[in-house]
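Asks: next comes the sequence, and after it the predicted model I'd like to discuss.
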Amino acid sequence: MFDSLDALLLARAQFAFTVSFHFLFPAFSIGLASYLMVLEGLWLATGKGVYANLFRYWLKIFAVVFAMGVVSGLVMSYQFGTNWSVFSDKAGPIIGPLMAYEVLTAFFLEAGFLGVMLFGINKVGRKLHFTATCAVAIGTFISAFWILSVNSWMQTPTGYEIGANGQFLPGPSWTAIIFNPSFPYRLVHTVLAAYLTTAFAVGGVGAWHLLKDRSNPGARTMFSMAMWMAAIVAPIQIFAGDMHGLNTLEHQPVKVMAMEGHYESHPEGAPLILFGIPDSAKKRVDYAISIPKASSLILKHDLNAPMKGLDSVPDADQPPVGIVFWAFRVMVGLGLAMLGLGLWSLIARWRGKLHEWTWLHRAALLLGPSGFIAVLAGWIVTEVGRQPFTVYGLLRTTASASPLDAPAVAASLLAFVLVYFSVFGMGIWYLLHLMKKPPQAHESTLDGAPIRTAGITPAPAIEGGEG
């Protein structure tokens, strides 16, 4: 039944499916590790039980998220050898060392201190335990550094030489490879996205419990902290996204054409298409709602700046426009919604109603998963917009796949779908089960025994301190 299907399409679908699952967990664990570091730091600095309680509350969730991220990442990596062996052979001399650096620096750092962070609160001193928490948080950032360096090199390859057998070989300097043109922008944009993902997840959980009990100090504190993050980071992220877009226009202009839905070139200012239905067969966007010349203003800061369209690019070098077009709008739309909620929370805070406005809490609950959707949409824009290349402009996707038959790829894809939805489905259900429980006032210990570190006597109930 699978003979009529295309092995390349199935291999792409398999990688897209597995990496989509995997990407959600690091996007949460990067921000959550930093949040735990802040909570423990505030607890040690103030001695307030509310921070200790929230540390324990989110530590359980972090442990599950981190485990699922590691497992899904290991499974995903095997596909480089099974489905994409040609890509692995040609790009391995550059991709391999960068991935190894990630293991040697980030993964070893995380693995070395994770046990102390999870189980050592009453077994080591306060400085060592806080150091372990900081090490795990820093490790997640270092991991993002190397992984994004790899991905960015595939988007904007520099510093390479072509060997006799067609392999990409390192040039004289690894710095040009690691710090390729799109890497700084991609790193900032992705890490901020992880922080926003965590902020809105924490804010959604806090809002859920505030709707049930506005007097819960733990819920009040986590909601306040999350809204501060939303109000501060969302506008920074929009600025970082704009800078990243300008960088993409310089190095990957075809991707921007697909994002904007520009099938035609515009010699005297391009419109900003807000909504529409891309039709690649007819080379147009049907039912378009647009703002004249606004795209030129945003991308080139000039209303009348000319903008090239997809009509200047061969069909064989164009990405699937519809997917990129809509994924970009989902990402931007959710980003604006996050900004709106952050500004709304500032008004509520100014009015002294941050924990009283029910509609604010309902909106925060609704936007709780928005960060996950936004990062997934952003990944789709990045990866699908790079097509039809794996190494942009140099190695085509059609030339990167293993010589496998469609039934073999389809069988492994089906197995992945069944296993992922069952195993990770149960994991996500358990995470929601943990989040459903409110932070308890009696949780002034971090592992069931009295906290004996730092000479701090745990409070019999959570104290005040709402962030």
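Replies: Here it is on my side, so go on. Numbers count the residues shown, from 1 in each chain.
Asks: where does the stretch 351-467 of the chain have low pLDDT?
Replies: 441-467 (pLDDT under 70).
Asks: avg pLDDT for the strand or helix carrying A144?
Replies: Using DSSP states H and E, A144 falls within helix 126-155. The pLDDT scores in helix 126-155 average 91.
Asks: can you check stretch 315-334 too?
Replies: The pLDDT scores in stretch 315-334 average 92.
Asks: before we move on, what about stretch 87-106?
Replies: Confidence over stretch 87-106 (mean pLDDT, whole number) is 88.
Asks: begin at 453 from here
Replies: All set: I'll call the first residue 453, so the last point we hit is now stretch 539-558.
Asks: what residues of it count as buried?
Replies: Residues 539-540, 542-543, 546-547, 549-551, 553-554, 557-558 are the ones in stretch 539-558 that count as buried (16 or more other Cβ atoms under 10 Å). For glycine as for every other residue, the C-beta is placed from the backbone atoms N, C-alpha and C.
Asks: with stretch 856-865 instead?
Replies: Using 16+ other Cβ under 10 Å as the test for burial, stretch 856-865 gives 856, 858, 860-862, 864-865.
Asks: ok, L883 - contacts?
Replies: L883 is in contact with 513, 516-517, counting by Cβ atoms under 8 Å, 6 or more residues apart in numbering.
Asks: JSON lines please, covering those residues and showing pLDDT, secondary structure and distance to M674.
Replies: Converted to JSON lines, the contacts of L883 look like this (pLDDT from 0 to 100; DSSP: H, G, I helix; E, B strand; the rest coil; distance: Cβ to Cβ, whole Å):
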{"residue": "I513", "pLDDT": "91", "secondary structure": "helix", "distance to M674": "12"}
{"residue": "V516", "pLDDT": "89", "secondary structure": "helix", "distance to M674": "18"}
{"residue": "V517", "pLDDT": "88", "secondary structure": "helix", "distance to M674": "16"}
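Asks: return the distance of stretch 722-736 from the chain's centre.
Replies: Offset of stretch 722-736 from its chain centre (Cα atoms, centre = their mean, to the nearest Å): 27 Å.
Asks: do you have the strands of the stretch 753-902 of the chain handy? List them.
Replies: Secondary structure of the stretch 753-902 of the chain (DSSP state E, counting those that start in this stretch): strands at 841-843, 847-848.
Asks: now render the ones you listed as TSV, adding mean neighbour count.
Replies: TSV is the format used below for those (neighbours: other Cβ atoms under 10 Å):
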stretch	mean neighbour count
strand 841-843	21
strand 847-848	17
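Asks: what helices or strands is whichever helix in the chain runs longest leaning on?
Replies: The single longest helix within the chain, with elements called by DSSP state H, is helix 459-498. Contacts defined by 3 or more Cβ pairs under 8 Å, 6 or more residues apart in numbering; DSSP states H and E place helix 459-498 against helix 501-529, helix 531-534, helix 578-607, helix 635-664, helix 822-838, helix 858-888.
Asks: nearest residue to R638 other than its sequence neighbours?
Replies: Nearest non-adjacent residue to R638, counting by Cβ to Cβ, 6 or more residues apart in numbering: S604, 4.9 Å away.
Asks: got a list of what the one you found touches?
Replies: Contacts for S604 were tallied using Cβ under 8 Å, 6+ apart; they are 632, 634-635, 638-639.
Asks: and the longest helix of the chain with helix 501-529, angle?
Replies: Using axes from the mean of the first three to the mean of the last three Cα atoms, to 10 degrees, one finds that helix 459-498 and helix 501-529 are set 160 degrees apart in direction.
Asks: can you give the distance of helix 459-498 from its chain's centre?
Replies: Distance of helix 459-498 from its chain centroid, counting by Cα atoms, centre = their mean, is 7 Å.
Asks: again with stretch 685-695
Replies: Stretch 685-695 sits 14 Å away from the centroid of its parent chain (Cα atoms, centre = their mean).
Asks: which residues does that stretch contact?
Replies: For stretch 685-695, using Cβ under 8 Å, 6+ apart, the contacting residues are 637, 640-641, 644-645, 647-648, 651, 750, 784, 787-788, 790-791, 794.
Asks: just to revisit the earlier point, what would the helices and strands packed on helix 459-498 look like in JSON lines with distance to I690?
Replies: Shown next, in JSON lines, are these (distance: least, Cβ to Cβ, whole Å):
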{"stretch": "helix 501-529", "distance to I690": "26"}
{"stretch": "helix 531-534", "distance to I690": "34"}
{"stretch": "helix 578-607", "distance to I690": "20"}
{"stretch": "helix 635-664", "distance to I690": "10"}
{"stretch": "helix 822-838", "distance to I690": "12"}
{"stretch": "helix 858-888", "distance to I690": "28"}
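Asks: re the thing from before, list the buried residues of the helix holding A596.
Replies: For helix 578-607, the neighbour count (16+ other Cβ under 10 Å) marks 578, 581-582, 584-592, 594-607 as buried.
Asks: next SSE after that helix?
Replies: Immediately after helix 578-607, counting by DSSP H and E, sits strand 612-614.
Asks: ramachandran angles for I743?
Replies: Backbone geometry at I743, expressed as degrees, to the nearest 10, gives phi -110, psi 120.
Asks: need the nearest residue in space to it, chain neighbours excluded.
Replies: For I743, the closest residue by Cβ to Cβ, 6+ apart turns out to be L724, at 4.5 Å.
Asks: report the contact partners of the one you found.
Replies: Contacts for L724 (Cβ under 8 Å, 6+ apart) come out as 712, 742-743, 746-747, 749-750.
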